[in-house]
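Engineer: predicted model follows, preceded by the sequence.
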Amino acid sequence: MVGTISEWCMKSIKDTVKRFKVDGLIFTHDCGMECAHLALKNFPEYGALLIDGPAFRNPVEYQDMLIQNMESLTIGIFHDDSKISLDEIFLTNSKLIEIDSRHITDKMINRYLKHWIQGSNPRMENIRIVGSVPKSEAHKKIGGPWQNRRPMAESEARNLS
C-alpha cells in the first residue's frame, strides 16, 4: 500500500510510463524538494537532470542530486539565483555541466578549471557557466559613453515604445 498522496501519484505516473525510457528529469517551479527526491527514487535511470526554481536556490539541500552519474546536469537555466558554491560544483559528476548563476565569479571558474586540469571530475567533457551582470556593472566594465549615464526610468522606457 502506498502511504501518501504524492507517493500514490508517483506510483500512478510510474505505472503509466513504465514502458517508456525516461531520459531526463526536469524540476522547476511546480516541483519542490520532496517531489524531486520522490521522482529520483522512482525513476533512478535517467541521463539528464535540469534543476531550477525557488525550491532549488540552495544546492546544499540537493547535493545528493549533484553527485549522480549522468550525461548532463543543468542548474538555473531559467533563473540565475542559484547560490551554488565551488564545493558544490566539485561534487558534480556529469559529462556536461551547465550552470546559470549570477553568484559565480571569475575566481571560482579559474579555481574549478585548475582542479579539473589536475584530474578532478574526470567525467566532465563540457562545461557551460553563465552569469548575469547587473547593467550598471556591465556599463562600468565596458566603459565608453554608457559609463556616466543614469539608468532609464521605467516610465521613460514605456514612452519610447
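Structural biologist: Ah, there it is.

Engineer: sec struct for residue 13, please.
Structural biologist: helix (DSSP: H, G, I helix; E, B strand; the rest coil).

Engineer: number of nearby residues for it?
Structural biologist: Around residue 13 there are 13 other residues, counting by other CB atoms under 10 Å. (C-beta placed from N, C-alpha, C; glycine too.)

Engineer: how many residues are close by residue 36?
Structural biologist: 21.

Engineer: what helix or strand is it on?
Structural biologist: helix 33-42 (DSSP states H and E).

Engineer: helices or strands up against that helix?
Structural biologist: Using 3 or more CB pairs under 8 Å, 6 or more residues apart in numbering; DSSP states H and E, the elements in contact with helix 33-42 are helix 5-16, strand 24-27.

Engineer: pick out the shakiest of the ones you listed, pLDDT-wise.
Structural biologist: Least confident of the helices and strands packed on helix 33-42, judged by mean pLDDT, is helix 5-16 with a mean of 68.

Engineer: these two touch, right, residue 83 and residue 58?
Structural biologist: Yes: counting by CB atoms under 8 Å, residue 58 is a contact partner of residue 83 at 6.3 Å.
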